[in-house]
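Asker: next one to model:
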Amino acid sequence: MAINPNAAPAAPTLARSLTLIPAAALIVTNVIGTGVFLKARVMTCNVGSPSLVLLAWAMAGLLTLAGALCVAELTAMMPRSGGQYNFIDAAFGKVWAFLYGWMETLLDGAASIAAIAAVCVIFASDLFSAVLTPFQLQLATAATIALVMLLNLAPVRANGWVASIVTALKVALVAGIGIAGLLLGAHVSHLAIDAGHGACAGVPETARLGLSGFGAAMIGALWAYNGWNDLSMVAEEVEDPDRNIPRAIIGSSMLIIGLYLLVNLGYFLALSPMDIANLPESASVAGIVMTTLFGAGVAWLLTLGLLTANLGALHSTFLAVSRLPFAMARDGLLPRGLSVISPRTRVPSRAVLALGAVAIGFAFSGSFDTLTDIIVFMLLVFNGLAVAAIFVLRRRFPDAPRPYRVPAYPLVAGLFLAGTGFLLVNTLIATPWRALASIAIVAAGLPVYLWHVRRQSR
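Answerer: The predicted structure is shown next:
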């Protein structure tokens, strides 16, 4: 075939270079942040006993696994950048897809990146015994975001192996704390102690004990599981997506559930639940456990581990979320310039830079912690919509290729939606102001959508 020398060069495309291990590592390193090291205190206050804390972790894990099975089917069916944005768009239309992208990119994504970066700076300052002023903390947070942004401009294969190395360190850290508690703590009698009347600083009475307390504990656990669906964001860059995406999503979810149960059991064998409930709000349960078992001399080691865990979460969160504005821009819901792919590295470089700029803005605003707390309610809503898409798309496109099918359909998807519905109602009852604020923040995206649609039509 003759080659036309005057023909325009083909536009660069994303590279499918994430193999199974880096793909699974992106999920693990994204999910395991500070939640598993901090949430045991609040959850103990929520439910009052170690057995119910472990049950809450297990139930939240099963709910996560049910969602992961559904997302595995949908992602293998539509292996495109943007993940849940694509499922919601195909099933429920552009408005809901835009509102999800609005929340995830500008609020949950960028604000979470700023929050994680700030925690990294705090751990680093603790490690080197440095005292930072508020402005210095903001500058260091912005610099951390900028460095991770530059790393994300590298080819996705290199970023995948960075995630793999960090994941190995995280798994060793979490498993090591859990095993140390089991072997050196070994106070089985702690499991029978009631902590319902502990100090529980900062835990509202409406979120303590009973059904509402158990629901609040599950919300806390689900926050620590958050990120299980983020591989779908980079599905367009996974090698052999028909096989690797389901394996990575399901395998990593099961690994995380096992690690979380192990480390929380270790906490309760090392410390009594009453001691845990009486800890101050800012205390790390993992840190107190390690100090109890090995003395204060190991504090620096745990701080180093927490710093590594948060840097890994920051890197993988940035990598995943940056693909969402790219996908939205490609569909015309954001400025087209954000859909540009670098011909050298084959990553959506402008979307990466834009996300970094918004996250740095949040770093100087000081409002990211409040936003990430409030947005949990709408995360549940959109996770529910993404899984509900499986019902719509199976009915609407029954003959579409599905390399992987969720087992026990529709039971698994139905259980996820039922659990999500319970948590939504419980959140409205236990912390109504957060739920309403979450709805208001996401609804604020509607005028933006209408303005953009009107501008596009002109």
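
Asker: so for stretch 324-334, what gets flagged as buried?
Answerer: Under the neighbour-count criterion of 16 or more other CB atoms under 10 Å, stretch 324-334 has L324, P325, F326, A327, M328, A329, R330, D331, L333, L334 buried. (C-beta placed from N, C-alpha, C; glycine too.)

Asker: now do stretch 106-124
Answerer: Those would be 106-124, for stretch 106-124 by 16+ other CB under 10 Å.

Asker: what sits against F294?
Answerer: Counting by CB atoms under 8 Å, 6 or more residues apart in numbering, F294 makes contact with A180.

Asker: confidence score at it?
Answerer: In the predicted model, F294 carries a pLDDT score of 80.

Asker: distance of it relative to L184?
Answerer: In this view, F294 and L184 are 8 Å apart by CB to CB, to the nearest Å.

Asker: what of V340?
Answerer: V340 is 54 Å from L184, by CB to CB.

Asker: neighbours of A296, how many?
Answerer: Neighbour count of A296, defined by other CB atoms under 10 Å: 9.

Asker: I misspoke; the intended subject was L211.
Answerer: Other residues close to L211 by other CB under 10 Å number 11.

Asker: residues in contact with the nearest residue to it once chain neighbours are set aside?
Answerer: Leaving out its chain neighbours, the residue that sits closest to L211 by CB to CB, 6 or more residues apart in numbering is N426, at 7.5 Å. Taking CB under 8 Å, 6+ apart as the contact definition, N426 lies against L211, S212, G215, A216, I219.

Asker: mind telling me what element the first one is part of?
Answerer: Looking back up the chat, that one is L211. Here L211, judged by DSSP states H and E, is contained in helix 210-225.

Asker: which pLDDT value goes with V352?
Answerer: For V352, the pLDDT comes out at 94.

Asker: what helix or strand is it on?
Answerer: Counting by DSSP H and E, V352 is part of helix 349-365.

Asker: element containing the closest residue to G33 other than its chain neighbours?
Answerer: In space, and not counting its chain neighbours, G33 is closest to A313: 4.0 Å by CB to CB, 6+ apart. If you go by DSSP H and E, A313 is part of helix 299-321.

Asker: centre of the chain to that helix, how far?
Answerer: From the chain centre to the centre of helix 299-321 is a distance of 13 Å (CA atoms, centre = their mean, to the nearest Å).

Asker: which outside residues touch the helix or strand following that helix?
Answerer: Remark: after helix 299-321, the chain's next helix or strand is helix 323-330, criterion DSSP H and E. The contact list for helix 323-330 (CB under 8 Å, 6+ apart) reads 80-83, 85-86, 97-98, 101, 104-105, 109, 233-234, 236, 334-339, 348, 351, 354-355.

Asker: so what's T167 up against?
Answerer: Counted by CB under 8 Å, 6+ apart, T167 has contacts A24, A25, V28, T29, G312.

Asker: the same query, at a cut-off of 6 Å, please.
Answerer: Each residue near T167 by CB atoms under 6 Å, 6 or more residues apart in numbering is listed here: A25, V28, T29.

Asker: from the residues you listed, which ones fall inside helices?
Answerer: Those of these mapping onto helices are A25, V28, T29, per DSSP state H.

Asker: return the member of these nearest to G384.
Answerer: G384 has its nearest neighbour among the ones in helices among the contacts of T167 in V28, at 23.7 Å by CB to CB.

Asker: pLDDT weak spots in the protein?
Answerer: Along the chain, the parts satisfying pLDDT under 70 run over 1-10, 195-196, 198-200, 202-208, 281-283, 366-373, 458.

Asker: buried residues, the longest helix along it. List them.
Answerer: The residue-count maximum for a helix in the chain (DSSP H) belongs to helix 241-270. Using 16+ other CB under 10 Å as the test for burial, helix 241-270 gives 241, 244-246, 248-253, 255-257, 259-260, 262-270.

Asker: quick one: the helix or strand hosting A413 to helix 210-225, angle?
Answerer: Using DSSP H and E, A413 sits in helix 411-430. Counting by axes from the mean of the first three to the mean of the last three CA atoms, to 10 degrees, helix 411-430 lies at 110 degrees to helix 210-225.

Asker: mind listing what's buried in helix 411-430?
Answerer: Under the neighbour-count criterion of 16+ other CB under 10 Å, helix 411-430 has V412, A413, F416, L417, G419, T420, L423, L424, N426, T427, A430 buried.

Asker: just confirm the last one contacts M218, I think it does.
Answerer: Meaning A430. No - between A430 and M218 there is no contact under CB atoms under 6 Å: 11.1 Å.

Asker: give me the neighbour count for A186.
Answerer: Per other CB under 10 Å, the neighbour tally for A186 reads 12.
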